[in-house]
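K.L.:
Have a look; sequence and predicted model below, questions after that.
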Amino acid sequence: MPEPAAPVPADPRLAARFTEDLLDGCRVLAKDYGYRPAQFERMVREHGGVEAARLLLRGAGTAGGFTVLWEKNQLGRSSEATMLRTEYSELFTPDELLLARRRLEEHGFDVDAHLRTLTEQA
């Protein structure tokens, strides 16, 4: 049975902003932590952030970059955490958001605390 089509983002500018946030995260990781997620960055540039996030979610297990972020205590910079930000949630299906949340929680990341911190900073 074919996989259901993902919804088209209501606002292409929102999808572009999501992509830029992911790329900004890559720059911060390279500058502050000496980690350049080259494969992820290439994937985001090739497919756009929304589709890259979906591809990573559909993959079995976690990507190597996710593991590095976990080891550096930086899961808040993962595509999964970025997907769950309120401003981007409309870009993804409820099932995709649930999968992103589960993946983060399985690695001990407090999603709700992270989202509260972002709201307080805004």
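P.N.:
Now that the structure is in, tell me what you want to look at. Keep in mind the model is a prediction, meaning the values are calculated, not measured. Numbers count the residues shown, from 1 in each chain.
K.L.:
So, low pLDDT: which residues of the chain?
P.N.:
Within the chain, the ranges that satisfy pLDDT under 70 run 1-10, 60-63, 122.
K.L.:
which non-adjacent residue is nearest the residue positioned nearest the centre of it?
P.N.:
The centroid of the chain falls nearest to residue 79 when counting by Cα atoms, centre = their mean (1.2 Å). In this structure, residue 79 finds its nearest non-sequential neighbour in residue 53, 4.4 Å apart by Cβ to Cβ, 6 or more residues apart in numbering. To be clear about C-beta, it is placed using only N, CA and C from the backbone, and glycine gets the same treatment.
K.L.:
which strands and helices sit next to the helix or strand where the one you found lies?
P.N.:
Element membership of residue 53, judged by DSSP states H and E, is helix 49-58. Applying 3 or more Cβ pairs under 8 Å, 6 or more residues apart in numbering; DSSP states H and E, we find helix 49-58 packed against helix 12-33, helix 38-47, helix 79-83, helix 94-106.
K.L.:
what distance separates the third one from the middle of the whole chain?
P.N.:
Think helix 79-83. In terms of Cα atoms, centre = their mean, to the nearest Å, the centre of helix 79-83 is found 3 Å from the chain centre.
K.L.:
Also the second one?
P.N.:
Its chain's C-alpha centre and that of helix 38-47 lie 12 Å apart, by Cα atoms, centre = their mean.
K.L.:
between it and helix 49-58, what angle do the directions make?
P.N.:
Put simply, helix 38-47 runs at 130 degrees to helix 49-58, going by axes from the mean of the first three to the mean of the last three Cα atoms, to 10 degrees.
K.L.:
Residues touching helix 38-47, excluding its own?
P.N.:
19, 22-23, 26, 52, 55-56, 63-65, 79 (Cβ atoms under 8 Å, 6 or more residues apart in numbering).
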